[in-house]
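Visitor: pasting the structure only:
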């Protein structure tokens, strides 16, 4: 069966988003500091239609975020345009051609028809919980893995439910002070370290469910 | 000038001690899970008068904790026997021959005469603050570095004051859920990653003050 995998960047003080998330600051105030390791990489830029960029020890981890998965699951906050009933003019943060290029399942309390974008991304809105979303995403992914896009709350729910097979935490020397913590409300999640890698300004640590 | 260095093990959810620290559980409930990477190492066992043990990628980091420093600073909780006025029968957790083997400065609100132990460890009780303790420790250490023993509160104070030159965080895949967090109340501490190393069950990340 395909694995459910999460790749996420965490500040040294444990946050995956800063405080006061909004349309202007989708990952919270200061949250943009988290991804300084990712944005200059060729692997990231190519996925967003840009040329050039760096290749370094982070490259396989950037490719791991963005490639290989056959479906993505994300929370409503990560899709944006909320909270509350849908304003159907909101079609996500990513423009007409989102970087997913596969079926993407958005966990929400508010039903909405599927939204077919360019480039192979279709957003499906799932109102019956994380297990249903995972089942649908696995069916859509076929032989490939399912990527958990985030944010923190959805990651916590899958972790606490024992449904997350693998997690790569990219630890950066940033202090956000407050915001959304990754590892809280996760019950007795049991993880085993299988790999860690030093890269410029970041350490990537891969854990699997024990 | 000699550097002030901290080596500390942190759970994946950010704690350096579990909840409910007591004489029975000096690093809190579950806290003993943190140091599973350290205890089997020959480098650790030798320092505590035992023979044998493992040598692996953690060895240089264990040696870095325990060797090389010319003085140590620690908080009252780490020395134990508190809080409150001293019961002078309390001489620390470590028996007659503590593993420091150099002058060791205990931050406390309660004055007490120096306590000379076997093996070169003398405990000095410092009541006039972290800067005074650092000054005294540097004078005692001579050319060598000063080791910050912990715990979390003292580490936070030195970090927030910009007095910590280097910190090695050993991240283990343990969830403590609650306890003493390392990275809170540290203001705008500015750290730069200089090294990270994969070892069995732990990732060691070295940061310096930026």
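Guide: Looks like it arrived, so ask away. Owing to the predicted nature of the structure, the values given are computational and were not obtained by experimental measurement.
Visitor: Could you use CA atoms for every contact and neighbour count after this?
Guide: OK.
Visitor: Show me which positions of the lengthiest helix in chain A end up buried.
Guide: Ordering each helix of chain A by length in residues (DSSP state H) puts helix A:130-141 first. With burial defined by 16 or more other CA atoms under 10 Å in any protein chain shown, the residues of helix A:130-141 counted as buried are A:130, A:133, A:134, A:136, A:137, A:138, A:139, A:140, A:141.
Visitor: swap in stretch A:88-95?
Guide: Neighbour counts over stretch A:88-95 (16+ other CA under 10 Å) mark residue A:91 as buried.
Visitor: got the contact list for it?
Guide: By CA atoms under 8 Å, 6 or more residues apart in numbering or on different chains, the residues outside stretch A:88-95 that reach it are A:79, A:80, A:81, A:115.
Visitor: run the last query once more with 10 Å
Guide: Residues external to stretch A:88-95 that are found in contact with it (CA atoms under 10 Å, 6 or more residues apart in numbering or on different chains): A:23, A:26, A:48, A:76, A:78-82, A:98, A:100, A:112-113, A:115-118, A:123.
Visitor: Show me what the longest helix of chain A packs onto, helices and strands only.
Guide: Under the contact definition 3 or more CA pairs under 10 Å, 6 or more residues apart in numbering or on different chains; DSSP states H and E, helix A:130-141 sits against strand A:4-11, strand A:69-75, strand A:103-107, strand A:122-126, strand A:145-150, helix A:152-160.
Visitor: does stretch A:26-42 come close to chain B?
Guide: No - where contact is defined by CA under 10 Å from any CA of the partner chain, no part of stretch A:26-42 touches chain B; the two come within 12.0 Å at best.
Visitor: quick check: mean pLDDT across that stretch?
Guide: The pLDDT scores in stretch A:26-42 average 92.
Visitor: And for stretch A:112-127?
Guide: 96.
Visitor: With adjacent residues omitted, what lies nearest to the residue most central in space within chain A?
Guide: Chain A has residue A:149 as the residue nearest its centroid, 2.1 Å off, counting by CA atoms, centre = their mean. Taking CA to CA, 6 or more residues apart in numbering or on different chains, and ignoring the residues beside it in sequence, residue A:149 has residue A:74 as its nearest neighbour in space, at 4.9 Å.
Visitor: before we move on, the earlier item: chain B: which of the buried residues of helix A:130-141 is nearest?
Guide: Lowest distance from chain B to these (CA to the nearest CA) belongs to residue A:130, with 22.4 Å.
Visitor: Correct me if wrong: the closest one contacts residue A:153.
Guide: No - under the criterion of CA atoms under 10 Å, residue A:130 makes no contact with residue A:153, lying 11.3 Å away.
Visitor: Any chance you could list residues touching both of these two?
Guide: Between them, residue A:130 and residue A:153 share these contacting residues under CA under 10 Å, 6+ apart: A:74, A:75.
Visitor: any idea which residue of chain A is furthest from its center?
Guide: Within chain A, residue A:52 marks the point farthest from the mean C-alpha position, 23.8 Å out by CA atoms, centre = their mean.
Visitor: The longest helix of chain A vs strand A:103-107, what angle?
Guide: Going by axes from the mean of the first three to the mean of the last three CA atoms, to 10 degrees, helix A:130-141 is angled at 170 degrees with respect to strand A:103-107.
Visitor: Show me how far helix A:130-141 is from its chain's centre.
Guide: The chain centroid and the centroid of helix A:130-141 are separated by 16 Å, computed with CA atoms, centre = their mean, to the nearest Å.
Visitor: Repeat that for stretch A:165-184.
Guide: Here the centre of mass of C-alpha atoms in stretch A:165-184, compared against the chain's by CA atoms, centre = their mean, lies 12 Å away.
Visitor: cool, and stretch A:81-92?
Guide: Put simply, stretch A:81-92 sits 19 Å off its chain's centre (CA atoms, centre = their mean).
Visitor: now swap in stretch A:135-148 and tell me
Guide: Centre to centre, stretch against its chain (CA atoms, centre = their mean), the figure for stretch A:135-148 is 14 Å.
Visitor: Stretch A:17-28 too?
Guide: Relative to the chain's own centre, stretch A:17-28 is displaced by 15 Å; criterion: CA atoms, centre = their mean.
Visitor: Give me the neighbour count for the nearest residue to residue A:64 once chain neighbours are set aside.
Guide: Closest residue in space to residue A:64, ignoring its immediate chain neighbours: residue A:7 at 7.8 Å, by CA to CA, 6+ apart. Here the neighbour count serves as a burial measure; for residue A:7 (other CA atoms under 10 Å in any protein chain shown) it reads 22.
Visitor: In this structure residue A:7 contacts residue A:206, no?
Guide: Yes - using CA under 10 Å, residue A:7 is in contact with residue A:206, at 8.9 Å.
Visitor: Kindly report the residues of chain A close to chain B.
Guide: A:12-15, A:169, A:171-178, A:181-205, A:207-208.
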